[in-house]
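K.L.:
Sequence and predicted model, in that order:
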Amino acid sequence: MRLRNLLKVALKSLTKNRMRSLLTSLGVIIGVAAVIVMVAIGQGAQVDIEAQITSLGANMVMIFPGASWSRGVSHGAGSQNRLTLDDAEAIRERATLVTAVSAEVRVNAQIIGGDSNWNTSVQGVDPEYQEVRDWHTVSGEFFTKRDVRAKAKVAVLGKTVADNLFPGSDPVGEKIRIRNTPFKVVGVLEAKGQSGYGSDRDDVVMVPATTALYRLAGGRYISRIFASALSTEVSEAAENELVAILREEHHLEPGEEDDFRVRSQAEFLETATETSRVMTLLLGAVAAVSLVVGGIGIMNIMLVSVTERTREIGIRLAVGARGSDLLIQFLTEAVVLAIVGGIVGILLAVGVSVFLDRVVGMTAIISPAIVALAFCFSGAVGVFFGYYPARKAARLNPIDALRYE
Amino acid sequence: MSAVIEASGITKTYQMGEVEVHALRGVDLTVEDGEFISIMGASGSGKSTLMNVLGCLDHPTSGEYLLNGRDVSELAPNEFAEVRNTRIGFVFQVFNLLPRTTALDNVELPLLYDRTRRIKDPRAEAVAALERVGLGDRITHEPNQLSGGERQRVAIARALVNRPSIILADEPTGNLDSTTSLEIMKLFSELNSQGITIIVVTHEHDIAEATGRTIEMKDGTIIRDAVGAGRQME
Ligand SMILES: Nc1ncnc2c1ncn2[C@@H]1O[C@H](COP(=O)(O)OP(=O)(O)OP(=O)(O)O)[C@@H](O)[C@H]1O
Ligand SMILES: [Mg+2]
């Protein structure tokens, strides 16, 4: 049979059963759209997370107290397992591969200012913190080294705190009370938005590290130390240097485990990228299942349609169609259904992604590779699931087909 | 005159589980070019079975069947399909038209499967066939928009369109009233007078009498083969 005739015959029989064709395609439409959208969301999340980690500050290195938890057991028993301001000072004096160093002391505290009060996280830091985290004031000034030395009662407000305590006015110069200690507001930080874990990074108040430690926390230990490596290239060397300095500070014998952990931004990036890649894969796999279910829908309909159209098959065979003509006809019908479903699915996916991006504010990135893959897959679904019913049609004997009731 | 059909010793046995049904028990039949034959016989005597074998819709269990001098009793499925497509026109009692498909598309159907491409313009050929059966003004009608007699005419046009050596009609008037039956038989005898070989299965004597030769079957064999007058139908 001529190819043109063949396509004509297949299309005619599809348009004769519009509703059935539509419902059959729907399975593939939803499957293809789901795969593309899911992967787009996954990749969007990946890009978001990477951007956020990069925004933590250039070449940032973080030091946490406590032993590493390798082999599932803490190995720091017996050592102090803590970080102090002296540790930060030692790094500041002796490290050659880092530019800025800042301690961080975290306390949760109630703040009273203006006419309201607010529970937030108070962070005691050094002025270098601005540089390390690439986070600056939009109003007023950050406190200075001298403020740190003097344990000055000055504070820099995050955007959220400023908006809540002093709505509509500039808080710089205002007085606030943190745990009943009066502080003077010297600056307001620029907005950073949500963190990768969904918490509001602007819900913060920054005070000098010493002030936080001695006036608010009343202790010896700090939460973290931040530092900036000179460049990405020396990031690893800088980590090693920090480890050496801290081991010496903590009087660790060779062979003893570190009682602190050093992590660079690059490592975070790697972990996060890996995590979101796995998530993308998982989302894609779940969606692929729906595509397969759509394919089974096609097979189901084609099988029913072969049975329903047994008489038609008999008529075609009686006037001289070959088994292969019918095989190709039914296969063409299945492939057309799948491919049309695929195209509509792609359009739907683009629509949904644009909607997510523009209206919902989720990052969704459609990759051409996935679109191509989904399209090829829908074609393959058509061939694969169309073949069995098509072969069934092709094998019928004309007399049996005509007699079929 | 040359023989269109030479069949000898044709048998057809259906296996129904343990039981064997002998639908044909050795049929010998020769049909000359241009003949108009009717086949009669009681229900179950094997008329349809014989027509299916002659129409290459089914293989005989044994026996030799020459169509236009070519042995077609043991052809492979694809060659069998080609014989059906190019040499035979089959008309069924129940019309067997494709539903929701215009008369023209129904008639053109055999030409879609014609690999020899003998016919240059299938559309025009289909229109011509419809005109030949008197349905030139119904080409865009679908089967459910046609009367029974008109549907059978469409089926006859479809049987004609591939210029077959022979038209086989299995009870073509079985589902029609007597007036319409007469019209259909008139059409057959008209086509026969234009030189087409035709075999018709019927239960009605006056229809059988209109043909040139009447064959009577019983229990899978031919019991009478009479050349009649070929009385003109009025
Ligand atoms: N597919 C089949 N399987 C088993 N037996 C069959 C089959 N087709 C026909 N037969 C049997 O073969 C015999 C001949 O059937 P056939 O259809 O040829 O009769 P017929 O002469 O055409 O009858 P009618 O006038 O009622 O159409 C019958 O006994 C029938 O039961
Ligand atoms: Mg019969």
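P.N.:
Looks like it arrived, so ask away. Residues are numbered from 1 along each chain as shown, chains lettered A, B, ... in the order given. Ligands and ions are numbered 1, 2, ... in the order given.

K.L.:
beta partners for A:Ala227?
P.N.:
A:Val61, A:Val101 (DSSP bridges).

K.L.:
Measure how buried it is and give me the count.
P.N.:
A:Ala227 sits with 28 neighbouring residues when counted by other C-beta atoms under 10 Å in any protein chain shown. C-betas here are computed from N, CA, C, even on glycine.

K.L.:
Spit out the contact partners of it.
P.N.:
By C-beta atoms under 8 Å, 6 or more residues apart in numbering or on different chains, the residues touching A:Ala227 are A:60-61, A:63, A:91, A:95, A:98-102, A:132, A:238, A:242.

K.L.:
Closest to B:Leu130 out of these?
P.N.:
Set against B:Leu130, the nearest of those by C-beta to C-beta is A:Met60 (84.3 Å).

K.L.:
now the closest one, nearest residue through space, not along the chain?
P.N.:
Leaving aside its sequence neighbours, A:Met60 sits nearest to A:Gln265 (C-beta to C-beta, 6 or more residues apart in numbering or on different chains; 4.4 Å).

K.L.:
how about B:Thr211, phi and psi?
P.N.:
phi -90, psi 160 (degrees, to the nearest 10).

K.L.:
Please report how far the nearest residue to A:Val340 once chain neighbours are set aside lies from A:Gly361.
P.N.:
What sits nearest to A:Val340 in space, not counting adjacent residues and going by C-beta to C-beta, 6+ apart, is A:Ser25, at 5.8 Å. Separation of A:Ser25 from A:Gly361 (C-beta to C-beta, to the nearest Å) stands at 31 Å.

K.L.:
still on that earlier bit, the residue nearest to A:Val340 contacts A:Val344, doesn't it?
P.N.:
Yes - A:Ser25 is in contact with A:Val344 according to C-beta atoms under 8 Å; the separation is 6.8 Å.

K.L.:
Give the residue from these two that has the larger number of neighbours.
P.N.:
Counted by other C-beta under 10 Å, A:Ser25 and A:Val344 do not tie: A:Ser25 has more neighbours, with 26 against 19.

K.L.:
who touches B:Val31 in this structure?
P.N.:
Contacts of B:Val31 (C-beta under 8 Å, 6+ apart): B:Ala3, B:Val4, B:Ile5, B:Ile37, B:Ile166, B:Thr197, B:Ile199.

K.L.:
By pLDDT, give me the weakest of the residues you listed.
P.N.:
Lowest in pLDDT among the contacts of B:Val31 is B:Ala3, which has 90.

K.L.:
part of a strand, is B:Asn85?
P.N.:
No - read with DSSP: H, G, I helix; E, B strand; the rest coil, B:Asn85 is helix and lies in no strand.

K.L.:
next one: phi and psi at the closest residue to it other than its chain neighbours?
P.N.:
Leaving aside its chain neighbours, B:Asn85 sits nearest to A:Gly320 (2.3 Å; criterion: C-beta to C-beta, 6+ apart). The main-chain torsion angles of A:Gly320 are listed as degrees, to the nearest 10 and equal phi 110, psi 10.

K.L.:
Please verify my assumption that A:Gly320 contacts B:Pro110.
P.N.:
Yes - here A:Gly320 reaches B:Pro110: they are 5.6 Å apart, a contact under C-beta under 8 Å.

K.L.:
Which residues are in contact with each of those two?
P.N.:
By C-beta under 8 Å, 6+ apart, the residues touching both A:Gly320 and B:Pro110 are B:Asn85, B:Asn162.

K.L.:
Settle it for me: which of the two has more neighbours?
P.N.:
B:Pro110 (30 against 26).

K.L.:
Setting aside sequence neighbours, what's the nearest residue to the more buried one?
P.N.:
A:Val319 (4.1 Å).

K.L.:
end to end, how far does stretch B:94-111 reach?
P.N.:
Distance across stretch B:94-111, first residue to last, is 22 Å (C-alpha to C-alpha, to the nearest Å).

K.L.:
avg pLDDT for that stretch?
P.N.:
93.

K.L.:
Is ligand 1 within reach of it?
P.N.:
No - for stretch B:94-111, no contact with ligand 1 is found by C-beta under 6 Å from any ligand atom; the gap never falls below 11.6 Å.

K.L.:
got the contact list for that stretch?
P.N.:
A:12, A:16, A:311-312, A:314-316, A:318-320, A:402, B:85, B:119, B:122-123, B:125-127, B:129-130, B:135, B:138-144, B:146, B:148, B:151-152, B:154-155, B:157-158, B:161-162, B:175.

K.L.:
from the residues you listed, which would you call buried?
P.N.:
Buried by 16 or more other C-beta atoms under 10 Å in any protein chain shown: A:311-312, A:314-316, A:318-320, A:402, B:85, B:122, B:125-127, B:129-130, B:135, B:138-139, B:141-143, B:146, B:151-152, B:154-155, B:157-158, B:161-162, B:175, out of the contacts of stretch B:94-111.

K.L.:
Tell me who's in contact with A:Ile315.
P.N.:
A:Leu402, B:Asn96, B:Leu97, B:Leu98, B:Leu109.

K.L.:
Next secondary structure after the strand or helix carrying the last one?
P.N.:
Yep, that's B:Leu109 we're talking about. Assigned by DSSP states H and E, B:Leu109 belongs to helix B:103-112. Going down the chain from helix B:103-112, the next helix or strand is helix B:122-132, by DSSP H and E.

K.L.:
export the helix or strand of chain B with the lowest mean pLDDT as CSV, just CAs?
P.N.:
Ranked by mean pLDDT, DSSP states H and E, the weakest helix or strand in chain B is helix B:205-209, scoring a mean of 85. Only the C-alpha atoms of helix B:205-209 are listed here, as CSV (Å, rounded to 0.1, in the frame of the first residue of the first chain):
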residue,chain,number,x,y,z
HIS,B,205,-36.0,-20.2,-8.0
ASP,B,206,-37.1,-17.3,-10.1
ILE,B,207,-33.7,-15.7,-9.5
ALA,B,208,-31.9,-18.9,-10.4
GLU,B,209,-34.0,-19.3,-13.5
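
K.L.:
Tell me the helices and strands packed up against it.
P.N.:
strand B:36-41 (3 or more C-beta pairs under 8 Å, 6 or more residues apart in numbering or on different chains; DSSP states H and E).

K.L.:
The strand it packs on: which residues count as buried?
P.N.:
Within strand B:36-41, the residues that qualify as buried are B:Phe36, B:Ile37, B:Ser38, B:Ile39, B:Met40, B:Gly41, counting by 16+ other C-beta under 10 Å.

K.L.:
is the helix or strand following that strand up against chain A anywhere?
P.N.:
Using DSSP H and E, the helix or strand that follows strand B:36-41 towards the C-terminus is helix B:47-54. Yes - Helix B:47-54 reaches chain A (C-beta under 8 Å from any C-beta of the partner chain) through B:Asn52.
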